[in-house]
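S.K.: Predicted coordinates and the sequence they were generated for:
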Amino acid sequence: MKYYYNNVPNIGLCRNNLIYTSLISDDKKTFVQWYNNDTKYHQGQNEVVDPQLMKAKFQRELHFLSNMAWHNPDMVPKIKEVSIPDRKIYLEIDGPDFWQRSIDEGGYDAVLPNWQEQMFAIIGAHKARGWYKYSMHPSSYFVVDGKLKSINYFFTYSNDEGPISIADHSSHIHSNRQQEMKKYTESKGIDWNEKQSLDVLEQLCWDSFSNMYPADFIEQARCIK
């Protein structure tokens with residue numbers, strides 16, 4: 001296994017995730033979410049250094065991902081193995097993540113023509129369980145056999161867990177995305193440190209991804225209940 005990075009135009013190699021350390025097999029058939037504070041991988045920009053918090057993230061990922069694997073196995077990668085002591089989740093994939101493939105192949109539609117329909121279905125499956133999943137970056141998906149597969153459930157909450165504050169979860173959000181979110185929260189009078197409903201945070205989530213997805217896709221995603 002080796003470190004997995006995204007190769008971003010005009011930027012170069014970037015860590016694939018802010019929380020865990022991303023690993024991939026040489027044949028690109030296995031992806032590992034390693035909930036480990038690896039300074040080399042995160043290049044000194046580690047978001048989570050508290051071992052108990054890292055453990056909690058791993059447990060949350062495993063809980064929601066396993067639930068999806070049981071009820072909607074076609075919507076998540078197959079879980080090949082889980083190492084509780086090492087906090088590693090091994091997933092069956094077929095090449096780089098959806099975002100990286102879109103960069104390499106000329107856009108989301110070139111990778112998967114019906115990606116919007118499939119992503120709406122995944123969001124709908126979450127909503128049917130009363131979940132709010134805020135890790136919606138396109139790197140949080142893989143494509144396997146023409147099917148979009150969702151990961152990164154460490155930033156997911158059941159509808160009975162809110163409200164929560166943005167500040168308490170800012171480690172989940174890249175600094176650039178935080179700046180975009182703060183513009184919106186300030187314009188709406190939303191306090192960064194005050195607990196907010198999960199619905200409010202969901203709208204903030206979609207606003208923060210305005211540069212990652214088509215506007216019509218985001219507007220339709222907002223309406224899924």
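M.R.: Thanks, I have it.
S.K.: any chance you could read off phi and psi for residue 136?
M.R.: Main-chain dihedrals, residue 136, degrees, to the nearest 10: phi -110, psi 10.
S.K.: Tell me which residues touch it, please.
M.R.: Listed by C-beta atoms under 8 Å, 6 or more residues apart in numbering, the contact set of residue 136 reads 205, 206, 209. (C-beta placed from N, C-alpha, C; glycine too.)
S.K.: ok, now with 7 Å
M.R.: Neighbouring residues of residue 136 by C-beta atoms under 7 Å, 6 or more residues apart in numbering: 205, 209.
S.K.: got a pLDDT number for residue 72?
M.R.: Predicted confidence (pLDDT) for residue 72: 98.
S.K.: how many neighbours does it have?
M.R.: Neighbour count for residue 72, taken as other C-beta atoms under 10 Å: 16.
S.K.: I'd say it and residue 125 touch.
M.R.: Yes - shown here, residue 72 and residue 125 form a contact pair, counting by C-beta atoms under 7 Å, at 5.0 Å.
S.K.: Overlap in contacts, these two.
M.R.: Listed as contacting both residue 72 and residue 125 by C-beta under 7 Å, 6+ apart is no residue at all.
S.K.: Residue ranges in this protein under the pLDDT threshold?
M.R.: Scanning the chain for pLDDT under 70 picks out 168-181, 184, 187-188.
S.K.: how about the strands in it?
M.R.: Using DSSP state E, the strands of the chain run over 2-3, 5-8, 12-15, 21-24, 30-34, 79-83, 88-92, 131-133, 141-144, 147-150, 156-158.
S.K.: quick one, which of these is nearest to residue 98?
M.R.: Closest to residue 98 of those is strand 141-144 (C-beta to C-beta; 4.0 Å).
S.K.: elements contacting that closest one?
M.R.: Contacts defined by 3 or more C-beta pairs under 7 Å, 6 or more residues apart in numbering; DSSP states H and E place strand 141-144 against helix 98-105, strand 147-150.
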